[in-house]
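> Sequence below, structure please.
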Amino acid sequence: MSKLNVRTILALVAVGLFAVVAVTAGVVAYAVSKAPERYPELTVYAWGNTVTVEPYGYCELSTGECVNDESTYYLPVPSGLPVQVAFPKSVAEAPWIVVQVFERPNGEQIERILSFIDYPEDVPSLSLQTQPEPDLRLAGFEVRLPIVYTDPSTGEEVFDVHGLWRVGTPRP
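Residues are numbered from 1 along each chain as shown. Below is the predicted model:
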């Protein structure tokens, strides 16, 4: 019987490690392929609280798959404190608008729009004022991903939204 030399032992160890790595990679690839698809989520922070906001509605442009949860998330915020909104990369890199809804004490609502055009490219987050004027208070906001497409039945260009997140900011 011959003795195993160092080279043979190292070769066997290398083959064993390669096999373990290959099996692990296969298991991870399989698990990732079977994982449920997640839609982009926003992270909203104010007054020491954080909320993860799933889409109110979202359509994946590459596949046409849509989700319509129609949930509004709420984050209580005292007047005068900012609201921070963090975008996932897919939203930061897309054309987006933020529609802020402000309320006066008499109940009148005023909308103000922020757009990706007004910020540096791929901005990862925004800070929203909750009281830009003494008698205005942020009641809530929506982040929207607009899209323009041609309606095949009419040939006209149509403006729509393929992603929407809705957040209410009530008084605490």
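
> Helices of the protein, start to end?
Ranges of helices within the chain are 6-34, 89-92, based on DSSP state H.

> And those, which one averages the lowest pLDDT?
Mean pLDDT is lowest for helix 6-34 out of these, coming in at a mean of 66.

> List the beta-bridge partners for Tyr73.
On the basis of DSSP bridges, Tyr73 is bridged to Val167.

> That one is in contact with Thr169, isn't it?
No: Tyr73 is beyond contact range of Thr169, at 10.0 Å (criterion: Cβ atoms under 8 Å). For the C-beta atoms, the positions are set from N, CA and C on the backbone; glycine is no exception.

> Mind checking which of these two has more residues around it?
Set Tyr73 next to Thr169 and count neighbours by other Cβ atoms under 10 Å: Thr169 wins out with 26 against 17.

> and the residue nearest to the more buried one when sequence neighbours are not counted, how many neighbours does it have?
Nearest residue to Thr169 in three dimensions, chain neighbours excluded: Val77, at 4.6 Å (Cβ to Cβ, 6 or more residues apart in numbering). Using other Cβ under 10 Å, the number of residues around Val77 comes to 26.

> Val77 contacts Leu138, correct?
Yes: with contact defined as Cβ under 8 Å, Val77 counts as touching Leu138 (7.1 Å).

> Return every residue with contacts to both of these two.
Common neighbours of Val77 and Leu138 are listed as Val83, Thr130, Thr169 (criterion: Cβ atoms under 8 Å, 6 or more residues apart in numbering).

> ok, now which ones touch the last one?
Okay, so that is Thr169. With Cβ under 8 Å, 6+ apart, Thr169 has these contacts: Ala46, Tyr74, Leu75, Pro76, Val77, Val83, Thr130, Leu138, Ala139, Gly140, Phe141.
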